[in-house]
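**Q** coords please:
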Amino acid sequence: MDINLQNKKIELIQWLSTLNDKSLIDKLMKLRDKEKADWWSEISKNEKESIEKGIKDANNGKLISHSTARKAYEKWL
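**A** From the prediction side, this is the model:
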């Protein structure tokens, strides 16, 4: 793991251990809970159906190359 990332994590742990502001701690807990949430339960039914269709197509060999897809959608990228 990146040493700089490790240092930042340690610094955050040390800072967190000194906090006494309940509202800030509550906000941090909500952020943590949101990060732990499964993204699948956060997306719409249409998005889920689209993903499932894509997986089914891939499993059935209905694939196109990355370069072909880039050409088709180049104006939006």
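**Q** residue 57 and residue 65, how far apart?
**A** According to Cβ to Cβ, to the nearest Å, residue 57 and residue 65 sit 14 Å apart. For glycine as for every other residue, the C-beta is placed from the backbone atoms N, C-alpha and C.
**Q** tell me the SS of the most far-flung residue of the chain relative to its centre?
**A** In the chain, residue 20 marks the outermost C-alpha relative to the chain mean, sitting 29.7 Å out by Cα atoms, centre = their mean. Under DSSP: H, G, I helix; E, B strand; the rest coil, residue 20 falls in the coil class.
**Q** use 71 as the first number from now on
**A** In the new numbering, first residue 71, that becomes residue 90.
**Q** for it, phi and psi?
**A** Main-chain torsions, residue 90, degrees, to the nearest 10: phi -130, psi 0.
**Q** residue ranges of the helices in this protein, please?
**A** 73-88, 92-106, 115-129, 136-143 (DSSP state H).
**Q** can I get the ones you listed in CSV including mean neighbour count and mean pLDDT?
**A** Listed next are those as CSV, based on neighbours: other Cβ atoms under 10 Å; pLDDT from 0 to 100:
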stretch, mean neighbour count, mean pLDDT
helix 73-88, 9, 94
helix 92-106, 10, 91
helix 115-129, 10, 95
helix 136-143, 10, 92
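**Q** other residues contacting stretch 105-123?
**A** If you take Cβ atoms under 8 Å, 6 or more residues apart in numbering as the criterion, stretch 105-123 is touched by no other residue.
**Q** quick check: the residue positioned nearest the centre of the chain vs residue 129, distance?
**A** The centre of the chain sits closest to residue 109, judged by Cα atoms, centre = their mean, with a distance of 7.2 Å. The gap separating residue 109 from residue 129 is 21 Å, by Cβ to Cβ.
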